[in-house]
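Enquirer: sequence? don't have it. structure:
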DNA sequence: ATCCCTCGAGTTCA
DNA sequence: CTCGAGGGAT
């Protein structure tokens, strides 16, 4: 970036940051996510480092927070309330230690590792053991008097346990549990607050984006009875000790605890950088199990004298560092939007992203689902976007940052023709998706065979996309029935097969020559026939022959099959192309295991939903057990659900089950139920 | 016509 | 996991 560009960029960033700071700190109504905001600040900090002569004293990077609201009395802090510098990797932590060593703070024997709750820093003042005043951090020097609101927090004692005399200042973090956050947000929503039309969790008005915003909003209530109705929590992290009475941070914490002031119970003293890393990694993994949000861990020199000796640079003390977790959201650029053709011909636009690390893994693609989604997001090629991960796994574009546009972004338009076979694409008026109508489209055929071999269908081990591509490209396989007539001689000379792997491939296919009817039906890839419908069909008709000969009326009579699905099945079996494939299967010696029909076991009539990770078996296996005893497994929770089986780290289904009062089973209870 | 429930389909990376 | 849409009840 040249100087002119940098100056423009810096000015733009400053204006934006000031604007968002005002919305966030002063109005408590952020327009963009915290992570998006952070990335703006980081970019500005980096640029200012590169061009230091362009950093005036009024740059937003020179301030800690916003101006206090007029309504609250101002409180001067006993000493500056600083914020820590951030580390994002073990390398950063090592750099921190190296710098300390340069300052002659060497051979640090111990570090105190604490969890960093995502909340608000406050200062509490006690006189002769009685809580007299509490304040927000404000700009670090002067905060707001929120004593009345802090008094409503149960974990802040109004009186310290042991008699103490004189003034005592305690600092800590006020935060909200995830449960409370959801409860209050729901309440607010019912009262008429609004989430954005895009339905994402970015707050507008009085519905809050995350627990921290809500905690902030609650502390700034002028009516403290409102604060009282929201159960805030408090953990102390510092005790101001002007006389140096305490030797270590741990001593301070223990003293605080004997006074009745809680500190985070999971804090720990460690000796080495490896242990610091372990501590951080452990909590990054386990943070989902805590009932409050964590944005990292805080590492401090345990010895207070050494801590002081490390000094303060700018607004950050050097004796400690905030070791952050990999953010769950990150900013990146949409380099291109390409179109994929799925098994059913549906066209799916996929954003190709500049690779970026999110939650510890690198993400380079994210689905855009369909054109409606593109419109909703307003995303163009070249845009800067925030990317997160739906359900902590699947990359998902959360929002576009249109303010960062340069004018060179291009609109995306779905092609008029299939990108693979050039057939003009179609779109039903009432449906969202567009699709390639050509059933012979190579993309569709490939996907159909992938699907046939996939885990829940025939489950042909080791025959994945790559092998299938090779077989198709060599002209050995046109449809999935051809797989069963392959011989070792056919494939061992192909480039992509070694001798061993060709034998393995043939063996893997042969092993699946006996296949349960339901799996086979599912594998055929009939429109609207997924796993569940395939099972229902198998149970109802028992044999493939009967299904293939069924009339549309006979199919409609099956539970869960209506006119659309019946027509789809009927047409599939009456197409000569498919009838030919079925004949090839027969000739190749495929044996279909007939279905015996419905089991009336002890779980008959019960519907289960499974969430989280189970210890003793996979979810798939648990599902099989339930079905073998006559129960049903469903994918979503509703009031029709009899039980939800919850393993560790359950997803959103758990919350929904609680809301609907569905009986929740843990793994032990479930196993007992199976055996009784 | 309109609701609620459930299923199907698509999706990423290690 | 999430969305859209089919099926069935009302």
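Expert: Looks like it arrived, so ask away. Keep in mind that what you see is a predicted model, and the values were worked out from it rather than measured.
Enquirer: now do whichever strand or helix holds residue A:352: which elements does it pack against?
Expert: Secondary-structure assignment from DSSP states H and E places residue A:352 in strand A:347-358. Applying 3 or more C-beta pairs under 8 Å, 6 or more residues apart in numbering; DSSP states H and E, one finds that strand A:347-358 makes contact with strand A:330-341, strand A:361-367, strand A:384-390, strand A:394-400. (C-beta placed from N, C-alpha, C; glycine too.)
Enquirer: wait, is residue A:500 part of a helix?
Expert: Yes - using DSSP: H, G, I helix; E, B strand; the rest coil, the assignment for residue A:500 is a helix.
Enquirer: next one: it from DNA strand C, what distance?
Expert: As judged by C-beta to the nearest atom of the strand, to the nearest Å, residue A:500 and DNA strand C stand 35 Å apart.
Enquirer: I'd like to know how many residues surround that residue.
Expert: Residues near residue A:500, counting by other C-beta atoms under 10 Å, number 9.
Enquirer: returning to that earlier point: could I get the helices and strands packed on strand A:347-358 as JSON lines with mean pLDDT and mean neighbour count?
Expert: JSON lines is the format used below for the helices and strands packed on strand A:347-358 (pLDDT from 0 to 100; neighbours: other C-beta atoms under 10 Å):
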{"stretch": "strand A:330-341", "mean pLDDT": "89", "mean neighbour count": "18"}
{"stretch": "strand A:361-367", "mean pLDDT": "86", "mean neighbour count": "15"}
{"stretch": "strand A:384-390", "mean pLDDT": "83", "mean neighbour count": "20"}
{"stretch": "strand A:394-400", "mean pLDDT": "85", "mean neighbour count": "19"}
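Enquirer: nearest to DNA strand C among these would be which one?
Expert: Proximity to DNA strand C (C-beta to the nearest atom of the strand) singles out strand A:384-390 among the helices and strands packed on strand A:347-358, at 4.2 Å.
Enquirer: what strands flank the closest one, and is each parallel or antiparallel?
Expert: Using DSSP bridges, the strands paired with strand A:384-390 are strand A:330-341 (antiparallel), strand A:394-400 (antiparallel).
Enquirer: the longest one vs DNA strand B: in contact?
Expert: Yes - in this structure, strand A:330-341 sits against DNA strand B according to C-beta under 7 Å from any atom of the strand; the contacting residues are residue A:340.
Enquirer: quick one: contacts of that strand?
Expert: If you take C-beta atoms under 8 Å, 6 or more residues apart in numbering as the criterion, strand A:330-341 is touched by A:35-36, A:39, A:347-358, A:363, A:368, A:374, A:379-387, A:397, A:401, A:412, A:414-415, A:418-420, A:436, A:441, A:443-444, A:447.
Enquirer: could you do the last one as well?
Expert: By C-beta under 8 Å, 6+ apart, the list of residues contacting strand A:394-400 from outside reads A:32-33, A:36, A:198, A:200, A:202, A:329, A:334, A:351, A:353, A:358, A:363, A:365-368, A:377-380, A:383-390.
Enquirer: against DNA strand C, which of these make the cut? List them.
Expert: The residues of those that also fall near DNA strand C, by C-beta under 7 Å from any atom of the strand, are residue A:390.
Enquirer: for DNA strand C, what is the nearest residue in chain A?
Expert: The nearest approach of chain A to DNA strand C comes at residue A:651, 1.5 Å away (C-beta to the nearest atom of the strand).
Enquirer: for that residue, give its distance to residue A:254.
Expert: Noted for residue A:651: a distance of 38 Å to residue A:254, by C-beta to C-beta, to the nearest Å.
Enquirer: residue A:315 touches residue A:84, doesn't it?
Expert: No - counting by C-beta atoms under 8 Å, residue A:315 does not reach residue A:84; the two are 9.6 Å apart.
Enquirer: excluding chain neighbours, what is closest to residue A:276?
Expert: Among residues not flanking residue A:276 along the chain, residue A:299 sits closest, at 5.6 Å (C-beta to C-beta, 6 or more residues apart in numbering).
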